[in-house]
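>>> the following block contains a protein sequence and its predicted model.
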Number of protein chains: 2
Amino acid sequence: MQDALLHHINKFTPLTEDEEDIVLACTSVQQLKKKEFLLKKGQVCTTYNFIAGGCLRCFSTDDEDNETILQFAIENWWMIDYSSFNTRKPTHLNIQAVENTVVIKIHYDVLETLLEKVPKLERYFRIIAQRALDASHRRIEYVYTRSGEERYRYFSKSFPQFVQRIPQYMLASYLGFTPEFLSKIRAKKI
Amino acid sequence: MQDALLHHINKFTPLTEDEEDIVLACTSVQQLKKKEFLLKKGQVCTTYNFIAGGCLRCFSTDDEDNETILQFAIENWWMIDYSSFNTRKPTHLNIQAVENTVVIKIHYDVLETLLEKVPKLERYFRIIAQRALDASHRRIEYVYTRSGEERYRYFSKSFPQFVQRIPQYMLASYLGFTPEFLSKIRAKKI
DNA sequence: CGAAAATTTGACATGACTCAACTGGAGTGG
DNA sequence: CCACTCCAGTTGAGTCATGTCAAATTTTCG
């Protein structure tokens, strides 16, 4: 099951067999049913989470329980609330399975040990974070420079298979507008 | 001059004297006058850039040369176009000095060598990238969940000294609205 | 001091939201 | 396997936050 993770790490920083064994010893697998939560507002994020299969969403809620989706994560992506993880304080975010999902987790208590035993992983996580940072910057740029309609058309052109996997109201939230607005964009398409 | 960088690294991953010397040997210092460019659209980003003093902004431009400010970086922050740096391809971004600025640079050609000689820096850059990623995620959340006026009031309350340092039209661009709109928000304040 | 840049102000335009009603499909239970 | 419910999606009317454009004013700086 953890093969997906080892495979992913090896793409960036090849590991020896011994190192792979250490990684395996420091990870655990969790199966999430659709709609099940990996993290809820008020809890502390105690794990780094790698998605071996399925899809997670991370969202915040306001006083009226309106949800704003901040991220999706699918196969071979990490989903981590770094802020809560590092400060050990309760998060204001929620992480929930959009589909049945398999997550490989590294717990706070073993992360530092793991990094000491396999220092290569510092490099791996550096590269992962830098890529995610780049993606996050691009997203900000896109939100700032494009209209809602442009964002939708770009996203559904770029990730048609992913758009199929999620309900429209989640896509609307992720793209930063209302489900009604998305519906109207789609209606125009004819 | 590079003291600021060593000091910053030491806060996260203490270095030996030898290691500090290696870092010094792999960095160069550049002084930028206000409005001078560190990177222009069409060039390749060939350096990691640490701000020892001053302020940089990173912005994109559209067909009509309208600027959208994506990031500011002040003392003790890094400003890097990871995408261009890693792919070796020309960037679509610009990085310009908002004030007279001192930048400490690590060139592409020496970065890998430096990381080999001082592997601790993998950890340092991992932590830096994870923090920046967290900040970027918070920014997306803020843009998605707050009105322009709320973003302005929050930002100027949180960073009053920084708001003093930059022209209003730059702040407006960074916060995602027009200078006219910012002016109107301020007028209401009375 | 004068020119250029930044900011302010006002009139008007519009992208996107809200709210409410309606439609249609997916489960669920009898 | 039908009837019922419930949730996602659609549609329309009205509204509001913010944008656009242009002119007036203030500030900056050579």
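Sure, I can see it.
>>> where do the strands sit along chain A?
A:27-32, A:37-39, A:47-53, A:55-61, A:67-74, A:78-79, A:93-97, A:101-107 (DSSP state E).
>>> got the buried residues for the longest helix seen in chain A?
When chain A is parsed with DSSP state H, its longest helix is helix A:120-145. Neighbour-count burial for helix A:120-145, counted by 16 or more other Cβ atoms under 10 Å in any protein chain shown, picks out A:120-134, A:136-137, A:139-141, A:143-145. Every residue, glycine included, has its C-beta placed from N, CA and C.
>>> re the thing from before, residue B:42: which of the strands of chain A is closest?
Nearest of the strands of chain A to residue B:42, taken as Cβ to Cβ: strand A:67-74 at 31.3 Å.
>>> contacts for the closest one next, please.
Applying Cβ atoms under 8 Å, 6 or more residues apart in numbering or on different chains, the set of residues contacting strand A:67-74 from outside is A:49, A:51, A:54-62, A:79, A:93, A:98, A:162, A:166, A:170, A:173-174, B:137, B:140-141, B:144-145.
>>> restricted to buried residues, select the residues you listed in ChimeraX.
In ChimeraX, this line selects whichever of the contacts of strand A:67-74 come out buried by 16+ other Cβ under 10 Å:
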select /A:49,51,54,55,56,57,58,59,60,79,93,98,166,170,173,174 /B:137,140,141,144,145
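>>> got the residues of chain A near DNA strand C?
A:147-149, A:176-178, A:180-181 (Cβ under 7 Å from any atom of the strand).
>>> stretch A:35-53: end-to-end distance?
Its start and end residues considered, stretch A:35-53 measures 15 Å (Cα to Cα, to the nearest Å).
>>> with stretch A:34-50 instead?
17 Å.
>>> same check on stretch A:172-188?
With Cα to Cα, one end of stretch A:172-188 sits 16 Å from the other.
>>> cool, and stretch A:31-47?
Start-to-end, stretch A:31-47 (Cα to Cα) is 15 Å.
>>> mind listing what's buried along it?
In stretch A:31-47, counting by 16+ other Cβ under 10 Å, buried: A:32, A:38-39, A:43, A:45-47.
>>> and these as JSON lines, adding distance to chain B?
Listed next are these as JSON lines, based on distance: Cβ to the nearest Cβ, whole Å:
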{"residue": "A:32", "distance to chain B": "21"}
{"residue": "A:38", "distance to chain B": "16"}
{"residue": "A:39", "distance to chain B": "14"}
{"residue": "A:43", "distance to chain B": "17"}
{"residue": "A:45", "distance to chain B": "11"}
{"residue": "A:46", "distance to chain B": "16"}
{"residue": "A:47", "distance to chain B": "15"}
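>>> now pLDDT too, for the residues you listed, in CSV please.
Formatted as CSV, these follow (pLDDT from 0 to 100):
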residue, pLDDT
A:32, 93
A:38, 96
A:39, 96
A:43, 97
A:45, 98
A:46, 98
A:47, 98
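>>> just the closest of those residues to DNA strand D, please.
Set against DNA strand D, the nearest of these by Cβ to the nearest atom of the strand is residue A:32 (17.6 Å).
>>> isn't that closest one right up against residue A:98?
No. Using Cβ atoms under 8 Å, residue A:32 makes no contact with residue A:98, being 9.7 Å away.
>>> on that earlier part again, export the strands of chain A to a markdown table and tack on distance to residue B:8?
Listed next are the strands of chain A as a markdown table, based on distance: least, Cβ to Cβ, whole Å:
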| stretch | distance to residue B:8 |
| --- | --- |
| strand A:27-32 | 32 |
| strand A:37-39 | 31 |
| strand A:47-53 | 25 |
| strand A:55-61 | 30 |
| strand A:67-74 | 28 |
| strand A:78-79 | 26 |
| strand A:93-97 | 28 |
| strand A:101-107 | 27 |
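>>> now the ones you listed in a markdown table, with distance to DNA strand D?
Formatted as a markdown table, the strands of chain A follow (distance: least, Cβ to the nearest atom of the strand, whole Å):
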| stretch | distance to DNA strand D |
| --- | --- |
| strand A:27-32 | 18 |
| strand A:37-39 | 16 |
| strand A:47-53 | 22 |
| strand A:55-61 | 12 |
| strand A:67-74 | 11 |
| strand A:78-79 | 21 |
| strand A:93-97 | 12 |
| strand A:101-107 | 17 |
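>>> so which of the ones you listed is nearest residue B:88?
Each of those has some distance to residue B:88 by Cβ to Cβ; the shortest is strand A:78-79, at 25.4 Å.
>>> helices or strands up against the closest one?
strand A:47-53 (3 or more Cβ pairs under 8 Å, 6 or more residues apart in numbering or on different chains; DSSP states H and E).
>>> now the strand it packs on against strand A:55-61, angle please.
140 degrees (axes from the mean of the first three to the mean of the last three Cα atoms, to 10 degrees).
>>> what are the contacting residues of strand A:47-53?
Where contact means Cβ under 8 Å, 6+ apart, the residues beyond strand A:47-53 that reach it are A:1-2, A:4-5, A:8, A:29, A:38, A:56, A:73-80, A:85, A:95, A:101-108, A:111.
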